[in-house]
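> using only what follows, build the 3D model:
(one chain, ligands or ions: 1)
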Amino acid sequence: MAPLPHVVILGAGFGGMGVVQKLRGAPVRVTIIDRHDYQTFQPLLYQLATDELSPADVAHPVRETLHRHANATFHQAVVHSIDLASRRVVVDGMEPLDYDYLVLALGAVVSFHGVPGAAEHALPLYSLPDALKLREHVLKIFEEVDKQPALVDQGALNFCIVGGGATGVELAGALAEMLHVDLAADYPQMPVDQARIILCEHSPHVLGPFKENLRAYAEQALVDRGVHVRTSTDVKEIRAGAVTLANGEVLKTHTLIWAAGLQGNPLAGSLGIPLVAGGRIAVGSDLQVAGHPGVFAIGDIALATDAGTGKPLPGLGAVALQAGKHVGETISRLAEGKPAEPFKYVDKGTMATIGRGAAVVELPFGKTLTGTVAWLAWLGVHLSLLSGTQEKTNVFLEWGWNLLTRKRGKRIILDDSSTDSAS
Ligand SMILES: Cc1cc2nc3c(=O)[nH]c(=O)nc-3n(C[C@H](O)[C@H](O)[C@H](O)COP(=O)(O)OP(=O)(O)OC[C@H]3O[C@@H](n4cnc5c(N)ncnc54)[C@H](O)[C@@H]3O)c2cc1C
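Residues are numbered from 1 along each chain as shown. Presented below is the predicted three-dimensional model:
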């Protein structure tokens with residue numbers, strides 16, 4: 001009997017795990033590689049960074065997902081290089097993997113757009129370790145100011161967020177609630193009312209891709225929560241303890257959070273294929289890489305075009321998951337000698353939350369929602385996207401409790417090394 005075709009999936013995020021789902025029971029051998037042994041649910045990283053949820057709520061063990069996938073094997077390992085010509089992947093600490101089908105689902109990395117000092121001093125929010133680091137950083141800042149109140153004059157309670165897209169807006173809202181409600185109660189002697197969250201956005205609006213009424217709602221909801229929204233504001237340089245804006249103004253801060261952009265995983269640049277804007281791999285309508293049959297790229301590492309509108313698809317978990325499922329089905333079809341079919345993204349709407357009871361939702365066909373209804377819709381959609389039943393239950397219960405008590409998680413500092421001043 002001929003050996004089963006070998007499918008190698010690089011990356012166990014939304015895209016990679018979408019592929020795995022559809023290959024369950026298919027006549028193929030599946031190998032999944034990821035540097036982490038868990039799938040991260042990035043849309044809830046703000047809640048982790050601001051202590052609303054715990055790490056286990058926003059990550060799901062890949063090995064547990066695979067319990068019912070007899071044809072799949074997982075290895076926690078770092079992908080070192082990919083040779084498309086010899087159809088081989090080199091993974092640190094393992095024998096090289098030869099493949100019949102390859103799925104590139106390695107996501108993106110933070111892009112600092114060449115802003116001097118950003119790589120050294122900014123705190124990004126893209127991974128679970130990033131979120132934990134940010135959470136610890138904020139808690140440590142408060143402990144430092146508690147001991148040395150003079151630090152307030154040096155900007156220790158100024159929290160600067162660069163980027164007014166969904167990441168920056170959601171984080172600003174969550175941070176405002178954490179500072180002004182929870183930390184204000186934890187540090188009654190501290191002038192927490194002097195804490196400032198400054199959101200710097202290059203364009204004239206926050207939430208650029210959303211409709212005008214939703215952008216205006218989000219901006220007002222942030223202002224109502226005490227966030228200083230600085231639109232049409234570029235950051236020129238970041239130094240230890242300060243940020244210089246393009247207009248020459250200097251903002252003192254010990255916390256600079258970078259939410260201003262991503263680029264495709266750098267491994268895309270080593271493939272020897274042309275990349276498009278943002279270092280992403282352009283794929284055909286069936287999500288295959290041109291000139292490399294059987295090689296697919298999905299999610300944040302790829303740039304796919306909507307078959308319906310002809311527009312590029314956004315870097316969203318929903319896009320990555322649907323693309324992954326489509327690739328899983330395509331591989332099954334190809335293995336059976338059937339042709340691939342084009343990917344059609346089903347847009348169920350885009351949304352962002354600003355905080356408790358405040359969110360914006362843009363539904364397909366132009367309808368919009370704001371306020372509590374939008375927030376409940378956001379909550380429902382994000383709960384349903386979570387991987388495991390246990391995560392869904394935990395998150396539901398934790399949030400339910402938070403809502404009732406207006407409290408969040410256990411604010412304890414795990415890393416007891418000295419305060420890690422980001423900038
Ligand atoms: C803070 C934040 C909030 C977001 N909110 C939303 C939202 O509300 N709704 C929404 O739809 N989308 C949201 N997104 C976007 C969404 O999370 C991404 O579009 C989605 O995760 C992309 O899926 P992916 O599979 O392409 O990549 P990822 O989910 O990032 O998975 C890539 C995987 O590759 C692994 N990897 C990378 N390099 C290597 C290597 N060299 N070796 C081994 N493994 C490697 C990583 O560990 C990771 O597990 C948000 C993103 C962020 C950062």
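> residues from the stretch 201-350 of the chain in reach of the ligand?
Along the stretch 201-350 of the chain, the residues adjacent to the ligand under the rule Cβ under 6 Å from any ligand atom are 265, 267, 299-301, 315-318, 320. For the C-beta atoms, the positions are set from N, CA and C on the backbone; glycine is no exception.
> at 8 Å what do you get?
Within the stretch 201-350 of the chain, the positions lying close to the ligand (Cβ under 8 Å from any ligand atom) are 259, 262, 265, 267, 298-302, 314-321, 324, 350.
> got a ChimeraX select line for the buried ones in those residues?
The ChimeraX selection below is limited to those of these classed as buried (16 or more other Cβ atoms under 10 Å):
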select :259,262,265,267,298,299,300,301,302,315,316,317,318,319,320,321,324,350
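> out of the residues of the stretch 201-350 of the chain next to the ligand, which are inside strands?
Using DSSP state E, 262, 302, 350 are the members of those that sit in strands.
> out of those, which comes closest to Lys344?
Distance to Lys344 across these (Cβ to Cβ) is lowest for Ala302, with 15.7 Å.
> contact partners for the closest one?
104, 264, 280-283, 287, 323 (Cβ atoms under 8 Å, 6 or more residues apart in numbering).
> next one: Gln263
108-111, 278-280.
> switch the cut-off to 10 Å
Residues near Gln263 by Cβ atoms under 10 Å, 6 or more residues apart in numbering: 108-113, 269, 275, 277-280, 300-301.
> top of those by neighbour count?
Counting neighbours by other Cβ atoms under 10 Å, Ile301 comes out on top of the contacts of Gln263 with 30 neighbours.
> in helices, which of the contacts of Gln263 appear?
With helices defined by DSSP state H, no entry of the contacts of Gln263 lies inside them.
> least confident of these?
Of all the contacts of Gln263, Ala277 has the smallest pLDDT value, namely 88.
> burial measure for the residue of the stretch 51-200 of the chain found nearest the ligand, as a count.
Residue nearest to the ligand within the stretch 51-200 of the chain: Gly107 (2.8 Å; Cβ to the nearest ligand atom). When neighbours are counted by other Cβ under 10 Å, Gly107 registers 26.
> just the terminal-to-terminal distance for stretch 120-131.
End-to-end distance for stretch 120-131, by Cα to Cα, to the nearest Å: 17 Å.
> could you chop this structure up by domain?
As assigned by automatic domain parsing, the chain contains the domains 6-43+60-110+263-335, 118-260+350-405.
> now do the closest residue to the ligand within the stretch 151-300 of the chain, the pLDDT please.
Per Cβ to the nearest ligand atom, Gly299 is where the stretch 151-300 of the chain lies closest to the ligand, at 2.0 Å. At Gly299, the pLDDT value in this model is 97.
> next one: the one 3 residues further on
Ala302 is assigned 98 on the pLDDT scale.
> can you pull up the bridge partners for it?
Beta-bridge partners recorded for Ala302 (DSSP bridges): Ile281.
> next, the buried residues of the helix or strand containing Ala221.
Counting by DSSP states H and E, the secondary-structure element that holds Ala221 is helix 212-224. For helix 212-224, the neighbour count (16+ other Cβ under 10 Å) marks 214-219, 221-222 as buried.
> helix or strand right after that helix?
Counting by DSSP H and E, the next helix or strand C-terminal to helix 212-224 is strand 227-230.
> residues of that following strand that come out buried?
Buried positions in strand 227-230, judged by neighbour count with 16+ other Cβ under 10 Å: 227, 229-230.
> ditto for stretch 374-385
Residues 374-375, 377-379, 382 are the ones in stretch 374-385 that count as buried (16+ other Cβ under 10 Å).
> of those residues, which is the nearest to Ala72?
Nearest to Ala72, judged by Cβ to Cβ, of the buried residues of stretch 374-385 is His382 at 26.2 Å.
> thought the closest one was touching Leu45?
No - assessed by Cβ atoms under 10 Å, His382 is found out of contact with Leu45, at 11.6 Å.
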